[in-house]
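Asker: need coordinates for the following:
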Amino acid sequence: MSRRNFIRNSGLVAAASAVSFPMLNIRSAGAAETVKVGILHSLTGTIAIAEKSVVDAEMLAIEEINKAGGVMGMRIEPVIEDGASDWPTFAEKARKLLERDKVAAVMGCYTSASRKAVLPVFEKLKGLLYYPTYYEGLEQSPNIMYTAQEATQSVIAAMEWLAKNKGKSFYMIGSDYIWPRTTIKIAKATLARLGGKLVGEGYYPLGHIEFSSEINKIKAAKPDVILNCVVGGSNVAFFKQLAAAGITGKSQTILSLAVSEEEVSGIGADNTVGTLTCMGYFESLKNPANDRFVKAFKAKYGANRVTGDTLACGYTSVYLWKLAAEKAKSFDVAKVVAASSGLEFDGPEGKVKFHTANHHLWKHARIGMFKPDGQVDMIHESPLIEPNPFPKL
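Answerer: Prediction:
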């Protein structure tokens, strides 16, 4: 891994401060000034099932901030681009947002593949990306703020709880790219520490829809737990084929690390009922900020719409950028980055705060069971977990 892309130590602020930044596009619009913010997600393609709604949450935050007076009196002007579930397209659109649109920051990406595609663009052009998706860790960039869990903040807590409460033989399955591979690597190391047994594992490309052979292997292995790291639209086929094979939450412990309430709306609640998920956020969380968020989201987009982890992280990202810019009294990337160190926010998932050195948030790991209505009944909540993007495995 390159030194530029993987910065291990706490020199982030210094690194960011040592570079120059593009002129921001702040322009007059009558009596109001505006500052542009990029929104870069997949609106089409296989990842759109998980990513389109993140745009809705980010746009809701922008609307709320604008109604409350904007950022330092400036109205946020969103510029939305479609990454189309295609990594070169993400890189192209990131360059367009930074070079042509001169955005102050970008809320964007979902998969690690898309983030890896845009990372060199943001580092070269000195932009700032807020990344709202749980991911594998192993990265720390002066130009990215990570607002969801890195892998150790979810899978370790999940494995410990499962081994204690559900059994110690595991079958692990995931999509074939860096997040599932790394997450399962951490899961296997944790399983070994706990004295458990791996009885099988399998990986499939994003968008894969034929899991019957793997399901036959799972049935033959008879694991206590299926750890699911399948991502995106493939989960629709995976859960339907599991159910068709008689493997359901009633008969088998299945815990997913990339299935939230939003994905269930596409998979079908009847196919996920009784299965488990581990996230930092559930729509059913009870706190004032989440009550406001869920109410506002449904009022804007429809009573049948649901929220989920990445939606909450996307929504929180916009507010974290606003708070950092106001603390810095500037949209300059270096100053916003410096102001983010230790920054706290009471968001839909409760209080979160940026680590003082590594650009990640302290997070809760929450385990819940999907109900027939697609919502989650929380059954375990960890204390706030310090981010550790470079675990020793």
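
Asker: would you list the phi and psi of Lys108?
Answerer: Not quite, residue 108 is Gly, not Lys. Note on Gly108: backbone dihedrals following degrees, to the nearest 10 are phi -170, psi 170.

Asker: give me the three-state assignment for the residue lying closest to it once chain neighbours are set aside.
Answerer: Once flanking residues are discounted, Gly108 sits nearest to Leu40: 3.2 Å by Cβ to Cβ, 6 or more residues apart in numbering. C-beta coordinates here come from the backbone N, C-alpha and C atoms, glycine included. When classified by DSSP: H, G, I helix; E, B strand; the rest coil, Leu40 comes out as strand.

Asker: and the strands in the stretch 101-250 of the chain, which stretches?
Answerer: Applying DSSP state E, counting those that start in this stretch to the stretch 101-250 of the chain gives strands spanning 105-108, 129-131, 144-146, 169-175, 197-204, 225-229.

Asker: just those: most buried one?
Answerer: Ranked by mean neighbour count under mean count of other Cβ atoms under 10 Å, these are led by strand 105-108, which reaches a mean of 30.

Asker: show residues contacting stretch 208-220.
Answerer: For stretch 208-220, the external contacting residues (Cβ atoms under 8 Å, 6 or more residues apart in numbering) are 171, 173, 175, 200, 202, 204, 226, 233-234, 236-238, 241-242, 245, 247.

Asker: for stretch 371-386, same thing?
Answerer: Contacts of stretch 371-386 (Cβ under 8 Å, 6+ apart): 152-153, 157, 161, 261, 264-265, 269-270, 272-273, 277, 282-285, 306, 351, 355, 362-370.

Asker: mind checking which of these are buried?
Answerer: For these, a neighbour count by 16 or more other Cβ atoms under 10 Å gives the buried set as 152-153, 157, 161, 261, 264-265, 272-273, 277, 282-283, 285, 306, 355, 362-370.

Asker: in TSV: the strands of the stretch 101-250 of the chain, plus mean pLDDT and distance to Val333.
Answerer: Shown next, in TSV, are the strands of the stretch 101-250 of the chain (pLDDT from 0 to 100; distance: least, Cβ to Cβ, whole Å):
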stretch	mean pLDDT	distance to Val333
strand 105-108	98	8
strand 129-131	98	10
strand 144-146	98	10
strand 169-175	97	32
strand 197-204	98	36
strand 225-229	98	33
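
Asker: with distance to Thr316 as extra columns, can I get the ones you listed in JSON lines?
Answerer: Converted to JSON lines, the strands of the stretch 101-250 of the chain look like this (distance: least, Cβ to Cβ, whole Å):
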{"stretch": "strand 105-108", "distance to Thr316": "10"}
{"stretch": "strand 129-131", "distance to Thr316": "9"}
{"stretch": "strand 144-146", "distance to Thr316": "11"}
{"stretch": "strand 169-175", "distance to Thr316": "25"}
{"stretch": "strand 197-204", "distance to Thr316": "31"}
{"stretch": "strand 225-229", "distance to Thr316": "24"}
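
Asker: so which of the ones you listed gets nearest Ala296?
Answerer: For Ala296, the closest of the strands of the stretch 101-250 of the chain is strand 105-108, at 17.3 Å, according to Cβ to Cβ.

Asker: tell me the strands beside the closest one, with direction?
Answerer: strand 32-41 (parallel), strand 129-131 (parallel) (DSSP bridges).

Asker: tabulate these (CSV), appending distance to Leu393.
Answerer: Formatted as CSV, the strands paired with strand 105-108 follow (distance: least, Cβ to Cβ, whole Å):
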stretch, distance to Leu393
strand 32-41, 31
strand 129-131, 22
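
Asker: pick the most buried one from these.
Answerer: Most buried of the strands paired with strand 105-108 by mean neighbour count (mean count of other Cβ under 10 Å) is strand 129-131; its value is a mean of 26.

Asker: which one of the contacts of stretch 208-220 is nearest to Gly69?
Answerer: Of all the contacts of stretch 208-220, Gly69 sits closest to Gly233, with 39.5 Å by Cβ to Cβ.

Asker: thought that closest one was touching Pro205?
Answerer: No: using Cβ atoms under 8 Å, Gly233 is not in contact with Pro205, being 11.7 Å away.

Asker: so which of the two has more stuff around it?
Answerer: Between Gly233 and Pro205, counted using other Cβ atoms under 10 Å, Gly233 has the larger neighbour count: 22 against 10.

Asker: how is this protein carved up into domains?
Answerer: Residue ranges for the domains of the chain, per automatic domain parsing: 12-150+288-362, 152-284+366-381.

Asker: which residues does Gly350 contact?
Answerer: Contacts for Gly350 (Cβ under 8 Å, 6+ apart) come out as 285, 287, 289-290, 364.
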